[in-house]
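# Model the structure of this input:
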Amino acid sequence: MADKVMFTAVAAQGGNFGPFPTNRTLKFDTIITNVGGGYDNTSGEFTAPLTGVYYFTFSYEAKEDNKSGLSLMKNSSVIVKGADNNKKGEYLTDNGGNSAILQLQSGDKVSVQLPANHCVWTADNTTSFSGFLIAK
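Modelled structure (predicted):
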């Protein structure tokens, strides 16, 4: 499987992650699949082991009276975002996410970032990050 690259990881720290005064990389601590070893759950980053075209997706649970959202990052650039803004007093649970197809060079890094003053729910495997190599 030398040319196979794919991963799925979930954030299972338990409870709310955030809000923080600055942007934070979300560390999806529980790895479900990591063929090719590209995802590092200690840093929260996927490092492309091969040059090629990759598909990435993230999903999250927005919990109660919070501004929620995540950004898919390539190196230090925001590629796509997901956002949810539950109003004060509305105790609703929503889900959001986004996806992108990216051309990566070997060594490029892809991660999911929590914007400053945002919050997501990181329990029950509802917040996830996945990616796979489409073509070399």
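# ok, the least confident helix or strand in the chain by mean pLDDT: who's next to it in the sheet?
Lowest by mean pLDDT, DSSP states H and E among the helices and strands of the chain is strand 16-17, with a mean of 87. Applying DSSP bridges to the sheet, strand 16-17 is found paired with strand 120-121 (antiparallel).
# Show me which parts of the next helix or strand after the partner strand are buried, residue by residue.
Sequence-wise, the next helix or strand downstream of strand 120-121 (DSSP states H and E) is strand 128-135. Using 16 or more other C-beta atoms under 10 Å as the test for burial, strand 128-135 gives 128-133. (C-beta placed from N, C-alpha, C; glycine too.)
# do stretch 15-34 as well
Residues 17-19, 24, 26-28, 34 are the ones in stretch 15-34 that count as buried (16+ other C-beta under 10 Å).
# Tabulate the residues you listed (TSV), appending distance to Gly82 and secondary structure.
TSV is the format used below for these (distance: C-beta to C-beta, whole Å; DSSP: H, G, I helix; E, B strand; the rest coil):
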residue	distance to Gly82	secondary structure
Phe17	14	strand
Gly18	14	coil
Pro19	16	coil
Arg24	15	strand
Leu26	12	coil
Lys27	18	coil
Phe28	15	coil
Asn34	23	strand
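# Greatest separation within those: which pair is it?
Farthest pair in these (C-beta to C-beta) is Pro19 and Asn34. Separation: 29.1 Å.
# ok, back up a step: would a markdown table of the buried residues of stretch 15-34 with distance to Asp3 be doable?
Output for the buried residues of stretch 15-34, formatted as a markdown table (distance: C-beta to C-beta, whole Å):
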| residue | distance to Asp3 |
| --- | --- |
| Phe17 | 34 |
| Gly18 | 37 |
| Pro19 | 41 |
| Arg24 | 33 |
| Leu26 | 28 |
| Lys27 | 27 |
| Phe28 | 24 |
| Asn34 | 15 |
